[in-house]
Each structure stands twice: as C-alpha cells, then as structure tokens.
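Chemist: fold the following.
(one chain, ligands or ions: 1)
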Amino acid sequence: MEIIVQPDSQQASWLAARLVRKLILEKPRPVLGLATGNTPLQLYKYLVKMHREEGLDFSQVITFNLDEYIGLSPDHPASFHNFMWTNLFNQINIRPENVHIPDGLAPDIPACCEKYEQQIKAAGGIDLQILGLGTNGHIGFNEPSSSLSSRTRLKTLTDQTRKNYAVFFGGEENVPFHAITMGIGTILEARTCLLMAFGKKKARAIALAVEGPITASVPASALQLHPRAIILLDREAASELKNLDYYRWVFEHKPEWQKI
Ligand code: GLP
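Modeler: Coordinates of the predicted model:
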C-alpha cells in the first residue's frame with residue numbers, strides 16, 4: 001500500500017484528480033470505478049474544472065459506480081444516480097451509455113448483479129477504483145462481515161450506516177435497509193484502488209484498515225492484499241496511524257519516475 005498524507009482534503013483531492021487525469025490522458029478507453037458520499041465531492045469538482053478549463057475529454061471514459069440503494073428510483077434526491085449526475089456527469093462530456101450504476105429498482109436483483117459483473121468484464125475491468133470509507137471500515141456498502149471475496153450483490157445496511165445517512169432522507173425511518181454493492185472481490189480486481197478518507201471521524205477506521213489485521217470485520221483491510229492500493233488521507237484521518245513518519249518519508253523520497 002502507498003499511504004499518502006496531505007495537509008488537507010483539498011490538496012488530497014487535487015492529487016486524486018491528477019491521478020484520474022493521467023489515466024484519461026494515457027489510456028484510450030479508461031474505465032473508472034466511482035464512489036459517492038462527501039469524500040469524493042472535491043475530486044469531482046476538480047475533474048469538472050479540468051474539463052472546463054483544459055478540455056479534459058471524458059467522451060471515451062467508461063464508469064462503474066460502487067453501489068446504489070434498493071428501492072430508490074434514479075431521480076430520488078438521495079439516490080446515488082442523482083448524486084453522480086448532479087455532481088459529475090451532467091457537467092462533463094461523458095456518454096450516458098458509458099455510465100453504469102447498479103439499478104436499485106431491478107425486479108431481479110441477483111440477475112442485475114450478475115449482469116453488472118459481466119459489464120465490468122466486458123469493459124476490460126476497472127483501471128482505477130475510487131473508494132471512500134465508512135466509519136465502520138466499509139468500502140462500497142460492504143459492511144463488516146462481508147466476505148473478502150464477495151461479488152456484486154445485495155447487502156443489508158448496518159444500523160450505524162443508516163443513521164449516518166438519515167440526514168439525506170429526512171429521517172432514519174426513510175433510509176432503505178438494502179443496497180446493491182460491488183463485492184470486495186470485485187473491488188480488488190481493479191488495477192489500482194484509490195481509497196480516500198478525510199477528517200477525524202475516519203481516523204480509527206483508517207488505522208484498523210491500514211495497520212490492523214486483514215479481517216472481514218474491517219472490510220477496507222482487504223486492500224492490504226491489493227498490489228496497487230493508494231490510501232490518500234488528510235492529516236486528521238491519518239492521526240491514529242503508528243507508522244506515519246515512515247509513510248511521509250516514502251512520499252518525500254519517491255523516485256522521480258514514480259511521482260504523481
Ligand atoms: C457510503 C458509501 C460509500 C462511501 C461511504 C463514506 O456508505 N456507500 O461508498 O465511501 O459512505 O461516505 P462519506 O464519504 O460521505 O464519508
């Protein structure tokens with residue numbers, strides 16, 4: 001794992017945006033795995049800025065989102081469909097047919113999940129998967145106890161996750177109980193994983209995921225198995241890491257060819 005600590009979330013997001021831009025400029029049909037939540041918002045703002053100001057071209061980019069609530073229509077204000085179109089897709093020149101988000105209204109959930117997996121394969125696999133982190137260590141909606149080799153499927157949200165999201169639904173009673181999420185096995189097949197986490201409330205989960213044992217109880221710890229996982233943090237999210245000095249040292253002494 002490469003652990004990168006930046007002074008704040010803005011600078012960390014700028015670095016993430018540069019990684020995405022590099023992929024788009026270098027690869028003819030780049031495949032991005034995308035996340036929702038507060039964490040990637042600034043990254044998406046920078047990508048929109050790069051599109052507007054430098055003409056960064058998204059016309060060949062293919063995207064797959066991590067997850068979606070079950071039972072929400074795409075135009076529901078709290079749906080991840082709505083989040084993605086509002087915060088990114090409507091503001092760049094992506095082709096709607098290149099956008100993939102699990103269908104929360106699918107009549108046959110297992111078939112919909114299987115199709116999602118096949119679509120990822122047909123696109124050649126995910127080049128760069130953006131990930132946020134739940135305060136309980138989840139990635140996507142892979143809650144603690146998720147199999148580390150799980151595939152796209154239905155998951156039941158924890159009470160904690162539903163509480164965290166109550167604000168977007170006007171009360172906890174309106175938060176769905178279920179979601180479709182890429183599995184941990186699906187995520188680990190991405191060629192690069194970029195986990196972003198900001199703020200003090202993520203510090204404990206980051207310490208467990210990065211320096212704790214690999215365990216289904218902390219789904220993000222599965223990234224320790226990934227050959228190219230980048231963990232991008234602000235100072236607060238990094239504050240409970242024991243080997244922080246070493247991670248800083250590594251970043252400062254990267255060989256020229258490895259620099260982002
Ligand atoms: C949700 C999403 C995750 C996201 C996480 C963190 O559970 N399914 O993909 O990473 O929340 O959200 P935030 O970035 O708002 O802290």
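
Chemist: what's the closest non-adjacent residue to residue 95?
Modeler: Among residues not flanking residue 95 along the chain, residue 59 sits closest, at 6.2 Å (CB to CB, 6 or more residues apart in numbering). (C-beta placed from N, C-alpha, C; glycine too.)

Chemist: next one: residue 37
Modeler: Distances taken as CB to CB, 6+ apart place residue 132 nearest to residue 37, at 4.5 Å, with adjacent residues excluded.

Chemist: how about residue 73?
Modeler: residue 105 (6.0 Å).

Chemist: go on, residue 56?
Modeler: Nearest non-adjacent residue to residue 56, counting by CB to CB, 6+ apart: residue 50, 4.0 Å away.

Chemist: ok, residue 11 next?
Modeler: Nearest one to residue 11, counting by CB to CB, 6+ apart, is residue 234 at 8.0 Å.

Chemist: so which bits of the chain are right by the ligand?
Modeler: Proximity of the chain to the ligand (CB under 6 Å from any ligand atom) is limited to residues 35-39, 66-67, 132-134, 138, 140-141, 161.

Chemist: what is the burial count for residue 180?
Modeler: 27 (other CB atoms under 10 Å).

Chemist: next one: residue 77
Modeler: Neighbour count of residue 77, defined by other CB under 10 Å: 11.

Chemist: what do you get for residue 6?
Modeler: Neighbour count for residue 6, taken as other CB under 10 Å: 20.

Chemist: how about it: what's its closest non-neighbour residue?
Modeler: Leaving out its chain neighbours, the residue that sits closest to residue 6 by CB to CB, 6+ apart is residue 12, at 4.0 Å.

Chemist: quick one: the one you found from the ligand, how far?
Modeler: Residue 12 is 13 Å from the ligand, where distance means CB to the nearest ligand atom, to the nearest Å.

Chemist: next, the contact list for that residue, please.
Modeler: Residue 12 is in contact with 4, 6, 196, 198, 232-234, counting by CB atoms under 8 Å, 6 or more residues apart in numbering.

Chemist: again, only using 10 Å
Modeler: By CB atoms under 10 Å, 6 or more residues apart in numbering, the contact list for residue 12 reads 4-6, 39, 42-43, 196-198, 232-235, 237.

Chemist: can you pull the pLDDT of the residue nearest to residue 37?
Modeler: The model reports residue 132 with a pLDDT of 98.

Chemist: now swap in residue 259 and tell me
Modeler: Note on residue 259: pLDDT of 79.

Chemist: same check, this time on residue 251
Modeler: For residue 251, the pLDDT comes out at 89.

Chemist: tell me, how many residues neighbour it?
Modeler: Count around residue 251 with other CB under 10 Å applied: 16.

Chemist: check residue 57 too.
Modeler: 14.

Chemist: so the nearest residue to it once chain neighbours are set aside is in which element?
Modeler: Nearest residue to residue 57 in three dimensions, chain neighbours excluded: residue 93, at 6.7 Å (CB to CB, 6+ apart). Following DSSP states H and E, there is no helix or strand that holds residue 93.
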